[in-house]
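Asker: Fold the following and give me the result.
(2 chains)
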Amino acid sequence: MNSMIQGVEILLVEDNENDAELTIRALKKNNLANGLLHLSDGEKALNFIFGEGEYAGRHIEERPRVIVLDINMPRVGGIEVLERLKSDERTKLIPVIVLTSSKESPDVHRCYELGVNSYVVKPVEFEDFFKAIASLGFFWMIVNQPPA
Amino acid sequence: MNKKPKILIVDDKHENLVALETVLRDVDVDLIRAYSGNEALTATLHHDFALALLDIHMPDMDGYELAGILREEEKTARLPFIFISAVYTDNLNVFKGYERGAFSFITKPFQPEILINKVKFFINIYRQEAELNQLNEDLKNKNIDLELSNKELEAFTYSVSHDLRAPLRAMNGFARILTEDHAGHLDAEGKRLLDNIGKNSEKMACLIDNLLEFSRLGKQDIREMIVDMNKLVKDVLEDLHTANNSNKTELNIQDLPKTRGDSDLLKQVFVNLLSNAIKYSSKKENPVIEVGSSTSGQETTYWVRDNGSGFDMRYKSKLFGVFQRLHSDKEFEGTGIGLAIVHRIISRSGGKVWAESEVDRGATFYVSLPSVSNVS
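Answerer: Numbers count the residues shown, from 1 in each chain, chains lettered A, B, ... in the order given. Here you go, the predicted model:
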């Protein structure tokens, strides 16, 4: 069992190690990475959130303040995770940000239908990427009032 | 298609059937005999006929009765008949369902050539119809193939956009981190090299985006409306002006007639043409950009002229190609997709685009579109 399963504020679900590193760096630089847990696929994310599998025994009530979700992941993709989260009374209020690599994505419509809270295309240029992640972090961790 | 057309011959008298076979022996068809109406109906279950030759006077079921029944059946409803009768009749309304297909008469005794002619006439029509059906079938299959490959292309586009961007983001990001966190270990040359990595990854991202935009233009629907070209050009120039900060360019914009087209796409055309004009004249001391038009007959030709570096007309065939450039990045930066987009939009709008230039003496790009007064 993962040692850090308590006090998770940001759950980052991202299979691409490089993107994860850059995302975490951008958050860290803005002091927004406290309580960040990075999981590398959708299956682990669902297990974590619902306290199943390797996270059996974790309380589902301990909700992260925000979930940052990559779309294209092997096995269980971001859309499937989003669908599970938004269709379960216990988790549907957790804000979910979907990050995708592509402007061409046919998924944007689907994500909004499922109730995504933000949908962001990862910029290639580092400055832009950095700014995008930082402002997401600011908004969802500081500006936004989470559901009680 | 290679099978011989089949002809049903119906007569209760053996010698008449033999006579028909003799007359038609040189026609490239298969003859199927039937000695009665019932036999004929049975034969239609086993064969696809191109034509039926029916004797009118037969016991039990005469030729007209048989024809009426055949017209009722889905499979033979359009089967053409040649009635063979002993007496001439010009009464067309002689059998049920006569209006649903072609038929003809021949009176005994007949000239063999006349029967052969009639048979050939119907067989030709049959062949042409079969050919047409085959072509239609091919067309349908091709359409299905096309739809499939369009879907594949869409999936391909998506994965290109998605999968090619991720490593670029990593390259760009890590090069940047190296500059930020390890600047102390790098001399000026090291920083310049890192900077090159960053710039090139951005350029590649730009190429990918442009290419995707180009492919998207191919499938996007064109929404036609009347377009105020004066406003369109003014808006584009304002946007470009803010983006480029190029105050030194002299603009000379004539009054432009309206056109019919998709205003978003036409705007993209003029963004590309005018930003090129600005770019390629930027190194001149007194850059001048002119926009004008001329109308002749059904067409209005809009033109954008600059006094910039121009291009060698020997390479004009490459001008509108994807990723084709007539200048190096060092001279003028670019991805080589802008004019390809212009070309695609204008061709899809039913117009034409071409250019004239001389090296160092500027270039003029012409776009011809249907005149509004001539389009209903």
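
Asker: How far away from the center of its chain is stretch B:207-218?
Answerer: Remark: stretch B:207-218 is offset 19 Å from the chain centroid, using C-alpha atoms, centre = their mean, to the nearest Å.

Asker: Apologies, that question was intended for stretch B:53-70.
Answerer: Chain-centre distance of stretch B:53-70: 49 Å, with C-alpha atoms, centre = their mean.

Asker: Which positions in the stretch 151-300 of chain B make contact with chain A?
Answerer: B:154, B:157-158, B:161-163, B:165-170, B:172-177, B:198, B:201-202, B:205, B:209, B:212, B:216 (C-beta under 8 Å from any C-beta of the partner chain). (Glycine included, C-beta is placed from N, CA and C.)

Asker: Now go through those residues and say which are in helices.
Answerer: Taking DSSP state H as the definition of helices, those contribute B:154, B:157-158, B:161-163, B:165-170, B:172-177, B:198, B:201-202, B:205, B:209, B:212, B:216.

Asker: Tell me the bridge partners for the nearest residue to residue B:11 once chain neighbours are set aside.
Answerer: Distances taken as C-beta to C-beta, 6 or more residues apart in numbering or on different chains place residue B:55 nearest to residue B:11, at 4.0 Å, with adjacent residues excluded. Beta-bridge partners of residue B:55, counted by DSSP bridges, are residue B:84.

Asker: if I look at residue B:55, how far off is residue B:303?
Answerer: 76 Å (C-beta to C-beta, to the nearest Å).

Asker: Over to residue B:177?
Answerer: Distance from residue B:177 to residue B:303, by C-beta to C-beta: 49 Å.

Asker: Ok, residue A:48 next?
Answerer: Residue A:48 is 63 Å from residue B:303, where distance means C-beta to C-beta.

Asker: Tell me which of those two has more neighbours.
Answerer: residue A:48 (23 against 19; other C-beta atoms under 10 Å in any protein chain shown).

Asker: Find the nearest non-adjacent residue to the more buried one, please.
Answerer: Sequence neighbours aside, residue A:55 is the residue nearest to residue A:48 in space, at 4.7 Å (criterion: C-beta to C-beta, 6+ apart).

Asker: do the same with residue B:239
Answerer: Nearest to residue B:239 is residue B:271, by C-beta to C-beta, 6+ apart, at 7.4 Å.

Asker: hang on, isn't the one you found packed against residue B:236?
Answerer: Yes - counting by C-beta atoms under 8 Å, residue B:271 sits close enough to residue B:236 to count as a contact (5.3 Å).

Asker: Run a quick neighbour tally on residue A:101.
Answerer: When neighbours are counted by other C-beta under 10 Å, residue A:101 registers 26.

Asker: Residue B:227 pairs with what?
Answerer: Under the criterion used (DSSP bridges), residue B:227 bridges to residue B:259.

Asker: Now for it: which residues touch it?
Answerer: Contacts for residue B:227 (C-beta atoms under 8 Å, 6 or more residues apart in numbering or on different chains) come out as B:258, B:259, B:260, B:261, B:263, B:266.

Asker: now do residue B:37
Answerer: Contacts for residue B:37 (C-beta under 8 Å, 6+ apart) come out as B:10, B:58, B:60, B:61, B:62, B:63, B:65, B:66, B:69.

Asker: Kindly give a single ChimeraX line that selects the buried subset of those.
Answerer: In ChimeraX syntax, the buried subset of the contacts of residue B:37 is picked out as below (16 or more other C-beta atoms under 10 Å in any protein chain shown):
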select /B:10,58,61,62,63,65,66,69
